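**Student:** Provided below for reference: sequence and predicted model.
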Amino acid sequence: MDRLGLTEDELCVALDVDPLSVIAGELDHKPQLPILLTLTQEAAERVADGVLPRWLRSTGPNGRPLDHLLARDYAAFEDDLQSLADRGFVLRGGTR
């Protein structure tokens, strides 16, 4: 939750668990959690604090990474992370 800035509800949806499982720490049976931690570890080491939560909610070349995560489309989320590694975190601003 902390690494990506997820709410408890978002984590429950992404891992397909109920809130009580999260609170009780009973996630050992969910293979998604170690996969998610592994996928995001390198990105967390490469970017500054606070970047991953902003990136997660930003629209990238393939859509919002959060939407892929909430759809449990881990392949698309992994592609999003690869795009982050290749391009970096790109902010697009409006015109002045």
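**Tutor:** All right, it came through fine.
**Student:** Please make it C-alpha for all contacts and neighbour counts, starting now.
**Tutor:** Fine.
**Student:** for stretch 45-60, the distance to its chain's centre please.
**Tutor:** Centroid separation for stretch 45-60 versus its chain: 9 Å, with C-alpha atoms, centre = their mean, to the nearest Å.
**Student:** Which of the residues in that stretch are classified as buried?
**Tutor:** Judged by neighbour count (16 or more other C-alpha atoms under 10 Å), stretch 45-60 contains these buried residues: 51-53, 55-60.
**Student:** And stretch 68-76, by the same measure?
**Tutor:** Buried positions in stretch 68-76, judged by neighbour count with 16+ other C-alpha under 10 Å: 68-70, 72, 74, 76.
**Student:** quick one: the helices in the chain?
**Tutor:** Assigned helices in the chain, in chain order: 8-15, 19-24, 32-46, 51-57, 65-70, 74-87 (criterion: DSSP state H).
**Student:** still on that earlier bit, which residue in the buried residues of stretch 68-76 has the weakest pLDDT?
**Tutor:** By pLDDT, Tyr74 ranks lowest within the buried residues of stretch 68-76, coming in at 91.
**Student:** how about that one, what does it touch?
**Tutor:** Applying C-alpha atoms under 8 Å, 6 or more residues apart in numbering, we find Tyr74 in contact with His68.
**Student:** What distance do you get for it to Ser58?
**Tutor:** Tyr74 is 17 Å from Ser58, where distance means C-alpha to C-alpha, to the nearest Å.
**Student:** ok, residues contacting stretch 9-29?
**Tutor:** By C-alpha under 8 Å, 6+ apart, stretch 9-29 touches 1, 8, 30, 32-33, 69-72.
**Student:** Many thanks, I have nothing further to ask.
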